[in-house]
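Engineer: Below are the sequence and a predicted model; questions follow.
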Amino acid sequence: MLRLDCTARDGAARTGAVQARAGPIQTPAFMPVGTRASVRGISSNELAATGAEVVLANTYHLMLRPGADVVAAHGGLHRFMNWRGNILTDSGGYQVFSLRARIEPDGARFRSPIDGSEVFLSPERCIQLQHDLDADIIMQLDDCTAYPAGFDDAARSMRLSLDWAARCRDAHGDHTSALFGIVQGSHHPELRAESAAGLRDLGFAGYAIGGLAVGEPPEQMRQTLRVTAPLLPEDQPRYLMGVGRPQDLVEAVHLGMDLFDCVLPTRAGRHGRLYTRRGEINLRNARWRTETAAPDPECSCPCCANHSCAYLHHLHRCGEMLGAQLASLHNLHYYAELMRQMRSAIASGALGAFRDEFYNLRCENPPES
């Protein structure tokens, strides 16, 4: 069973280390997303230099291309993508949701976006694929509902996810990777409680909260976390799936979550949007055309240490690949530094002061606790 060694607490927030197969993961931690075994535009060495200890890859996409058999022939994802840290594979449940797959009791049926062929993903196949990929942390197959979801629809979906969780656990057996269960239930507290209790009874190496960041207001997300996070085991990692705005990470850490992933840092970087201590900037705007300063003078990432806003503006306006790469790299450094700062604040009992300063620098009012 995966273990979370907690070293400090500040209210509901905690810091420590998840003792994972490829090495410890210092928590709270942000996991860069390498959907197709690649964080877009970022080499493995550059990724490691940000301090990332775990990356996320996607079972659904790798199943379609190049195929889990190709990855297995390399000895697994670590060798395939030349990554020495931990790897977490998402089960493909979000793609089942986003691609509007036909949900059946035995699994999900959909058409491949590559060649239109029919694909069937069952809990058992989902686990076998992740075993073939040889990820360190793997996820159960789940069914995610859109927001808003009526109680009956959310209950059906959540109970199907519980059934699939049991089947995933049985298929997983004594494999050395760590299997996480996923709490579902939309915005209904009683369904979240039922899901969490069912997953605890089954027993997993860690527990994720899914079904958020699907269109609900930020306050609804926070309220769901308030009622769900305390229901999860204290000595195991808690993973909030797919949530990644900086302010959302600050609030979720405050509420006791440990692991996060999102495509936002690299997606924003490709569009010239940079995250800084003082908020977001859009390098495509004309105001940066002659700016000789770095995007964030306090940042030591390769982008800010070596380049001006004017140069980055030029790259993005010209459509140069380097512009997207540098901006993405900066954003990954920013996210890693944000998590380091929160770990330090928790350790010193100053997370509340850090949260206040975070919003003050952005000239924003913090949401109500």
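Structural biologist: On my side now, so go ahead. Residues are numbered from 1 along each chain as shown.
Engineer: can we go C-alpha only for contacts and neighbour counts from here?
Structural biologist: Noted.
Engineer: In the protein, what helix or strand scores lowest on average pLDDT?
Structural biologist: helix 93-98 (a mean of 84; mean pLDDT, DSSP states H and E).
Engineer: Who are the packing partners of the helix or strand following that one?
Structural biologist: Later in the chain than helix 93-98, the nearest helix or strand by DSSP states H and E is strand 102-104. Judged by 3 or more CA pairs under 8 Å, 6 or more residues apart in numbering; DSSP states H and E, the packing partners of strand 102-104 are strand 107-111.
Engineer: Helix or strand next in line after the strand it packs on, which one?
Structural biologist: Using DSSP H and E, the first helix or strand after strand 107-111 is strand 118-121.
Engineer: Pull out the buried positions in that next one.
Structural biologist: Phe120, Leu121 (16 or more other CA atoms under 10 Å).
Engineer: Now the phi/psi pair for Ala135, please.
Structural biologist: The phi/psi pair for Ala135 (degrees, to the nearest 10) reads phi -70, psi 160.
Engineer: returning to that earlier point: got the buried residues for the least confident helix or strand of the chain?
Structural biologist: Buried, per 16+ other CA under 10 Å, within helix 93-98: Gly93, Tyr94, Gln95, Val96, Phe97.
Engineer: Can you give me the distance of the second one to Thr266?
Structural biologist: It stands for Tyr94. Distance of Tyr94 to Thr266, given as CA to CA, to the nearest Å: 19 Å.
Engineer: Next: the first one.
Structural biologist: Distance, Gly93 to Thr266, by CA to CA: 22 Å.
Engineer: again with the last one
Structural biologist: Between Phe97 and Thr266 the computed distance is 22 Å (CA to CA).
Engineer: which residues are contacting stretch 191-207?
Structural biologist: 1-3, 154-155, 158-159, 162, 165-166, 169, 178-186, 228, 231-233, 236-239 (CA atoms under 8 Å, 6 or more residues apart in numbering).
Engineer: From those, list the buried ones, please.
Structural biologist: 2, 154-155, 158-159, 162, 165-166, 169, 178-186, 228, 231-232, 236-239.
Engineer: give me the number of residues near Gly272?
Structural biologist: A total of 24 residues lie near Gly272 under the criterion other CA atoms under 10 Å.
Engineer: Apologies, that question was intended for Arg362.
Structural biologist: With other CA under 10 Å as criterion, Arg362 counts 14.
Engineer: Give the phi and psi angles for it, as a check.
Structural biologist: Dihedral angles (degrees, to the nearest 10) for Arg362: phi -90, psi 0.
Engineer: cool, and the one 3 residues further on?
Structural biologist: Listed backbone geometry of Asn365 is phi -90, psi 130, with angles given as degrees, to the nearest 10.
Engineer: what separates it from Val54, distance-wise?
Structural biologist: 32 Å.
Engineer: More neighbours: which of those two?
Structural biologist: Shown here are Asn365 and Val54; by other CA under 10 Å, Val54 has more neighbours (28 against 10).
Engineer: The closest residue to the more buried one other than its chain neighbours: what's it in contact with?
Structural biologist: Spatial nearest neighbour of Val54, excluding adjacent residues (CA to CA, 6 or more residues apart in numbering): Asn86 at 4.4 Å. For Asn86, the contacting residues are Ala20, Arg21, Ala22, Gly23, Glu53, Val54, Val55, Ala135, Asp136, Ile137, by CA under 8 Å, 6+ apart.
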